[in-house]
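Trainee: Got a predicted structure here, sequence first:
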Amino acid sequence: MYNENQKRNFISEHTSSDKTSALIVQIFNWFEKYEAEWGMDLSQQTAEKLQPVVNGFTGVRSKSTELVLIILTEYVKWCGRNGYDVSKGIYDVRVNTIHKIQNQMVASPLHLKSKLDEFFEPTEKETVDVIYRVFLWMAFAGLDDKDAIRVSIDDVDLDDLHINFEGHSYEIYKECRDEFEKACSLTDFQYEHQVPYYVTRRERASGRLLMRGIRSPSVDLKTLRPIINKKFAVNDKDENETLRQKSRISYKRIYLSGIFYRAYEQERAGLPVDFSEVIAAEIARKEKTKKYTVTKTRTLTTISHKIEKEYLADYEKWKCAFAI
């Protein structure tokens, strides 16, 4: 961290939570290279210089954006109280989540198909990209990634166009039927070797898992996630004309896009927007990992209401971003 002792002192006074401390360190580490280029601490910088850096750090969710700005503002206030020279630049920083949503989420099944066509091999080539595409379609359908890698061919109903998994039903959209048909039926994949160039077929791993590839009958998310991120990575210049790789789309953002798309379909049908099932599933997952601590004042009901407000706020921004 730039001015590490100064920032460590702020962290120790600001919070006793290990989780919050780790987040603040992550934010400060993100700023470090920029502060080194500027030759000054972020607390002294103008809004014009801070704006693109904050834009690069924050995500598409309102709560993550607000949290980053709150922490940075508290740090600048702390610096001022402790006699450091500060700028008021952070108070004028605004985060354009609409632009991020347009670049990092999708509006519909057709929109997702166009993104997959842009970054992945065509389905008809029958390469291993077929299963990566299916994986991301399962995100849009509403499956958690830990569940998606466990879906069996036997869970896929191509007649009814649904995945029936552990008591829940998830829609297979018509735009991705071909991917699912091939993911269920292929026993080998086309493989293109670049140097020297040749095309061959490689036998697919045995088993019934939908997501199995060439080497293994099972799938490890630690291996799969970097592959997906690399597929979506693009070379881009930020506002400081620094070339860097950014992954614009991810499983979680496609998952969230699917939630909002189905909410919009409900709204168009004259039904109330309802995120209760999604929220219940999210709480259940986080309860397993003890990410939610329930107390007398922080009950599951209050947690649910808080998450619902966040979903509703983000849903409205999603509609605005795609002019829906």
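Mentor: Perfect, I can see it now.
Trainee: how close does the residue of the chain most remote from its centre sit to residue 250?
Mentor: The C-alpha centroid of the chain is most remote from residue 83, which lies 39.2 Å away (C-alpha atoms, centre = their mean). Distance, residue 83 to residue 250, by C-beta to C-beta, to the nearest Å: 42 Å. Quick note: C-beta positions are derived from backbone N, CA and C, even for glycine.
Trainee: Please, where are all the strands along the stretch 51-200 of the chain?
Mentor: 156-157, 162-165, 168-171, 188-193, 198-203 (DSSP state E, counting those that start in this stretch).
Trainee: Mind putting those into CSV with distance to residue 276 and mean neighbour count?
Mentor: Listed next are the strands of the stretch 51-200 of the chain as CSV, based on distance: least, C-beta to C-beta, whole Å; neighbours: other C-beta atoms under 10 Å:
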stretch, distance to residue 276, mean neighbour count
strand 156-157, 26, 17
strand 162-165, 20, 18
strand 168-171, 14, 16
strand 188-193, 40, 14
strand 198-203, 45, 11
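Trainee: Switch the ones you listed over to CSV; also include distance to residue 212.
Mentor: Compiled in CSV, the strands of the stretch 51-200 of the chain are given as follows (distance: least, C-beta to C-beta, whole Å):
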stretch, distance to residue 212
strand 156-157, 13
strand 162-165, 16
strand 168-171, 19
strand 188-193, 11
strand 198-203, 11
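Trainee: out of those strands, nearest to residue 275?
Mentor: strand 168-171 (15.6 Å; C-beta to C-beta).
Trainee: Parallel or antiparallel, which strands does that closest one pair with?
Mentor: Here strand 168-171 has these sheet partners by DSSP bridges: strand 162-165 (antiparallel).
Trainee: Return the mean pLDDT over the strand it pairs with, rounded to an integer.
Mentor: Computed over strand 162-165, the mean pLDDT rounds to 97.
Trainee: what's next to that strand, contact-wise?
Mentor: 138, 141, 143, 147, 150-151, 155-157, 169-172 (C-beta atoms under 8 Å, 6 or more residues apart in numbering).
Trainee: sorry, back to before: relative to residue 113, which of the strands of the stretch 51-200 of the chain is closest?
Mentor: strand 168-171 (14.4 Å).
Trainee: Just flag the most distant two among the contacts of strand 162-165.
Mentor: 150 and 171 (18.4 Å).
Trainee: one step back: ok, which of the strands of the stretch 51-200 of the chain comes nearest residue 105?
Mentor: strand 168-171 (18.4 Å).
Trainee: for the closest one, the distance to its chain's centre please.
Mentor: 21 Å (C-alpha atoms, centre = their mean, to the nearest Å).
Trainee: ok, now stretch 124-143?
Mentor: Taking mean C-alpha positions (C-alpha atoms, centre = their mean), stretch 124-143 and its chain are 16 Å apart.
Trainee: Mind exporting the C-alpha coordinates of that stretch to PDB?
Mentor: What follows is stretch 124-143 as a C-alpha-only set of coordinates in PDB (Å, rounded to 0.1, in the frame of the first residue of the first chain):
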ATOM      1  CA  GLU A 124     -21.600 -26.100 -34.700                       C
ATOM      2  CA  LYS A 125     -17.800 -26.600 -34.600                       C
ATOM      3  CA  GLU A 126     -18.400 -29.000 -31.600                       C
ATOM      4  CA  THR A 127     -15.300 -27.800 -29.700                       C
ATOM      5  CA  VAL A 128     -15.100 -28.000 -25.900                       C
ATOM      6  CA  ASP A 129     -16.500 -24.400 -25.900                       C
ATOM      7  CA  VAL A 130     -19.900 -26.100 -26.100                       C
ATOM      8  CA  ILE A 131     -19.800 -27.000 -22.400                       C
ATOM      9  CA  TYR A 132     -18.500 -23.500 -21.500                       C
ATOM     10  CA  ARG A 133     -21.500 -22.000 -23.300                       C
ATOM     11  CA  VAL A 134     -23.900 -24.400 -21.500                       C
ATOM     12  CA  PHE A 135     -22.300 -23.500 -18.200                       C
ATOM     13  CA  LEU A 136     -23.100 -19.800 -18.800                       C
ATOM     14  CA  TRP A 137     -26.600 -20.600 -20.000                       C
ATOM     15  CA  MET A 138     -27.200 -22.400 -16.600                       C
ATOM     16  CA  ALA A 139     -26.100 -19.100 -14.900                       C
ATOM     17  CA  PHE A 140     -28.800 -17.200 -16.800                       C
ATOM     18  CA  ALA A 141     -31.300 -19.900 -16.000                       C
ATOM     19  CA  GLY A 142     -30.700 -19.400 -12.300                       C
ATOM     20  CA  LEU A 143     -28.300 -22.200 -11.100                       C
END
